[in-house]
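K.L.:
predicted model and sequence follow; I will ask about them next.
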Amino acid sequence: MYEDQVKGRTEELKGHAQEAAGRFTEDDDMRSEGKARQVAGKVQANYGETLDNVREATVKNPISALAIAGGVGVFLGILLGRR
């Protein structure tokens, strides 16, 4: 597990705790902040997981990764050259 995944899961757990505390104290603002923190944590964890998958694919198939990067570069060059 990489840093983004760990941070994301930690934020998600903090969000659960904050939401529970908001429910206990009947504080709607705290409860909604907890839900928002949970969503942000999930997004960060998924981002880290996606990065891990890209790293693994790049290590397993470096030539394919290089070809994809080159294709993206050509595409961006065409788009930016039209100005």
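P.N.:
Looks like it arrived, so ask away. Numbers count the residues shown, from 1 in each chain.
K.L.:
mind listing what's buried along the lengthiest helix in the chain?
P.N.:
The residue-count maximum for a helix in the chain (DSSP state H) belongs to helix 28-60. By 16 or more other C-beta atoms under 10 Å, the buried positions in helix 28-60 come out as M30, R31, E33, G34, R37, Q38, G41, Q44, A45, G48. Every residue, glycine included, has its C-beta placed from N, CA and C.
K.L.:
check this protein and tell me which residue is nearest its centre.
P.N.:
Centroid-nearest residue in the chain: Y47, 2.3 Å away (criterion: C-alpha atoms, centre = their mean).
K.L.:
in contact with that one, which residues are there?
P.N.:
D4, G8 (C-beta atoms under 8 Å, 6 or more residues apart in numbering).
K.L.:
same check, this time on G22
P.N.:
G22 touches D28, D29, M30, R31, S32, E33, G34, counting by C-beta under 8 Å, 6+ apart.
K.L.:
would you check which pair of those residues lies furthest apart?
P.N.:
Farthest apart among the contacts of G22 by C-beta to C-beta are D28 and G34. That separation is 10.6 Å.
K.L.:
how many neighbouring residues does T10 have?
P.N.:
The number of residues packed near T10 is 13, by other C-beta atoms under 10 Å.
K.L.:
ditto for Q18
P.N.:
20.
K.L.:
ok, and for the helix or strand where it lies, which residues are buried?
P.N.:
Element membership of Q18 [criterion: DSSP states H and E] is helix 3-25. Neighbour-count burial for helix 3-25 flags D4, Q5, G8, R9, E11, E12, G15, Q18, E19, G22 (criterion: 16+ other C-beta under 10 Å).
K.L.:
got the CA coordinates for it in PDB?
P.N.:
Taking Å, rounded to 0.1, in the frame of the first residue of the first chain, the C-alpha atoms of helix 3-25 are listed here in PDB:
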ATOM      1  CA  GLU A   3       1.200   6.700   0.800                       C
ATOM      2  CA  ASP A   4      -2.000   8.000  -1.000                       C
ATOM      3  CA  GLN A   5      -3.900   4.800  -0.200                       C
ATOM      4  CA  VAL A   6      -2.900   5.000   3.500                       C
ATOM      5  CA  LYS A   7      -3.800   8.600   3.800                       C
ATOM      6  CA  GLY A   8      -7.100   8.100   2.000                       C
ATOM      7  CA  ARG A   9      -8.100   5.200   4.200                       C
ATOM      8  CA  THR A  10      -7.100   7.200   7.300                       C
ATOM      9  CA  GLU A  11      -9.200  10.200   6.200                       C
ATOM     10  CA  GLU A  12     -12.100   7.800   5.500                       C
ATOM     11  CA  LEU A  13     -11.800   6.400   9.100                       C
ATOM     12  CA  LYS A  14     -11.700   9.900  10.500                       C
ATOM     13  CA  GLY A  15     -14.800  10.800   8.600                       C
ATOM     14  CA  HIS A  16     -16.600   7.800  10.000                       C
ATOM     15  CA  ALA A  17     -15.700   8.800  13.500                       C
ATOM     16  CA  GLN A  18     -16.600  12.400  12.900                       C
ATOM     17  CA  GLU A  19     -20.000  11.400  11.400                       C
ATOM     18  CA  ALA A  20     -20.700   9.200  14.400                       C
ATOM     19  CA  ALA A  21     -19.700  12.000  16.800                       C
ATOM     20  CA  GLY A  22     -22.100  14.300  14.900                       C
ATOM     21  CA  ARG A  23     -24.900  11.800  15.200                       C
ATOM     22  CA  PHE A  24     -24.200  11.400  18.900                       C
ATOM     23  CA  THR A  25     -24.200  15.100  19.600                       C
END
